[in-house]
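Engineer: this one's structure only:
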């Protein structure tokens, strides 16, 4: 247990937090959240807790699930870097590469808010990818910290939108898109050499 906490690194926590923050992009999702709130009753606490549960569950069992398919964390990290790259292109260029499936319903706090808007495919991919770079405790705390931010944003959605304005939200989206693009390139460059080494080692 002591060793578990000794693995904590402030730098690792901050980097993992920023990666998840950019991927979740809760600030950039404010217009979408407002649109959902106009037609559905949204419970910020429920949405946050469900998102937290999904992310922590995937952090704990995600690697085991990959193992069943014979896929290593580094392989998933490379695949994840490509997904993050595509998401960054969306944020920077304003294009739509991932189509919305239009899922919804009465349980708006869970679907589509908690999943897939907050804890979606991008978040899942990122959580697995981060395990190739950072310790479990750093990722776990980064997830919790991000969910706290999500809760605050959900509670203060309309105030934040009025404060930032459409231009402010658009600028934030571009900035975090560039950050995410740099992270995707670093993640790819860090893990791809190990994959080639493994391929050569099996020959």
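Structural biologist: Thanks, I have it. Since the model is a prediction, treat every value here as computed from it, not as a measurement. Residues are numbered from 1 along each chain as shown.
Engineer: Run a quick check on residue 27 versus residue 153, I expect a contact.
Structural biologist: Yes: judged on CB atoms under 8 Å, residue 27 makes contact with residue 153 at a distance of 6.5 Å. In this view, the C-beta of every residue, glycine as well, is placed from N, C-alpha and C.
Engineer: Find the residues that touch each one of those two.
Structural biologist: Common neighbours of residue 27 and residue 153, using CB atoms under 8 Å, 6 or more residues apart in numbering, are residue 160.
Engineer: where do the helices sit along the chain?
Structural biologist: 2-6, 10-24, 30-39, 44-68, 73-93, 121-130, 136-155, 157-201 (DSSP state H).
Engineer: Pick the most deeply packed of the ones you listed.
Structural biologist: helix 121-130 (a mean of 24; mean count of other CB atoms under 10 Å).
Engineer: tell me the angle that one makes with helix 10-24.
Structural biologist: Going by axes from the mean of the first three to the mean of the last three CA atoms, to 10 degrees, helix 121-130 is angled at 160 degrees with respect to helix 10-24.
Engineer: For helix 121-130, name the packing helices and strands.
Structural biologist: For helix 121-130, the elements it packs on are helix 10-24, helix 44-68, helix 73-93, helix 136-155, judged by 3 or more CB pairs under 8 Å, 6 or more residues apart in numbering; DSSP states H and E.
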